[in-house]
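**Q** Model the following, please.
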Amino acid sequence: MCGMKAVTVRVADLAVDGDAVVAMVDAYARDPTARGAPLPEEIKLALVPGLRAQPGAIVLLAFDGDAPIGVAVCFLGFSTFAAKPLLNVHDLCVVDAHRGRGVSRLLLDAIEAEARARGCCKITLEVLEKNQRARDVYLRFGFADYQLDPQMGSALMMEKKL
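**A** Next comes the predicted model:
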């Protein structure tokens with residue numbers, strides 16, 4: 001794959017892969033499309049224990065040989081309209097040096113396989129409106145704006161910080 005060693009994607013073992021997970025989420029946080037700054041040390045220390053405490057957390061890591069190059073942090077949810085589980089992609093990142101080489105597609109393939117294996121009815125995610133590169137990747141993979149009724153328009157992601 002474009003001169004890379006064999007790229008593999010697997011479900012992270014948080015007891016073993018914690019440093020790689022923190023490094024990848026920190027790389028994501030540093031990206032201008034995210035926070036644009038490294039994770040604070042207290043967040044780095046709390047991240048893996050926090051994920052381990054979430055029974056629905058699923059973390060996938062992409063590796064180029066032994067080097068981590070991407071991460072997908074996902075959480076199981078539930079669709080009341082389908083009465084089935086769903087899988088939400090909370091974070092998806094490929095380190096800058098490996099972008100444009102199909103790594104995000106490998107992560108998305110692995111996410112879909114996990115979702116299908118768990119009987120999920122859909123995969124959800126949020127993406128910034130102006131992050132066109134990511135939006136294009138998701139559209140090519142088959143994601144679309146969420147609509148229950150086209151007359152009501154697309155759903156918007158909102159938050160209230162506590």
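**Q** mind checking the longest helix of the chain?
**A** The longest helix of the chain (DSSP state H) is helix 103-117.
**Q** okay, Asn33: pLDDT?
**A** Quick fix: residue 33 is Thr, not Asn. Per-residue pLDDT puts Thr33 at 85.
**Q** Can you show me the strands along the protein?
**A** Listed in chain order, the strands of the chain (DSSP state E) span 7-11, 57-64, 67-79, 84-94, 123-125.
**Q** packing partners for the longest one?
**A** Same thing as strand 67-79. helix 18-30, strand 57-64, strand 84-94, helix 103-117 (3 or more C-beta pairs under 8 Å, 6 or more residues apart in numbering; DSSP states H and E). From N, CA and C alone the C-beta is placed, and that goes for glycine too.
**Q** partners of it in the sheet?
**A** strand 57-64 (antiparallel), strand 84-94 (antiparallel) (DSSP bridges).
**Q** Output that strand as PDB, nothing but the C-alphas.
**A** Provided in PDB are the C-alpha atoms of strand 67-79 (Å, rounded to 0.1, in the frame of the first residue of the first chain):
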ATOM      1  CA  ALA A  67       3.700   1.600  14.600                       C
ATOM      2  CA  PRO A  68       0.300   2.900  15.400                       C
ATOM      3  CA  ILE A  69      -1.000   5.200  12.700                       C
ATOM      4  CA  GLY A  70      -4.700   5.500  13.300                       C
ATOM      5  CA  VAL A  71      -7.500   5.100  15.800                       C
ATOM      6  CA  ALA A  72     -11.300   4.800  15.900                       C
ATOM      7  CA  VAL A  73     -13.000   5.200  19.300                       C
ATOM      8  CA  CYS A  74     -16.500   3.900  19.100                       C
ATOM      9  CA  PHE A  75     -19.400   3.400  21.500                       C
ATOM     10  CA  LEU A  76     -22.400   1.100  21.300                       C
ATOM     11  CA  GLY A  77     -25.700   2.800  21.500                       C
ATOM     12  CA  PHE A  78     -29.300   1.800  20.800                       C
ATOM     13  CA  SER A  79     -31.800   2.800  18.100                       C
END
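**Q** how far does it sit from the chain's center?
**A** Distance, stretch centre to chain centre, for strand 67-79: 4 Å (C-alpha atoms, centre = their mean, to the nearest Å).
**Q** Pull out the buried positions in it.
**A** 68-76 (16 or more other C-beta atoms under 10 Å).
**Q** between it and helix 103-117, how big is the angle?
**A** Strand 67-79 and helix 103-117 are oriented at 40 degrees to each other (axes from the mean of the first three to the mean of the last three C-alpha atoms, to 10 degrees).
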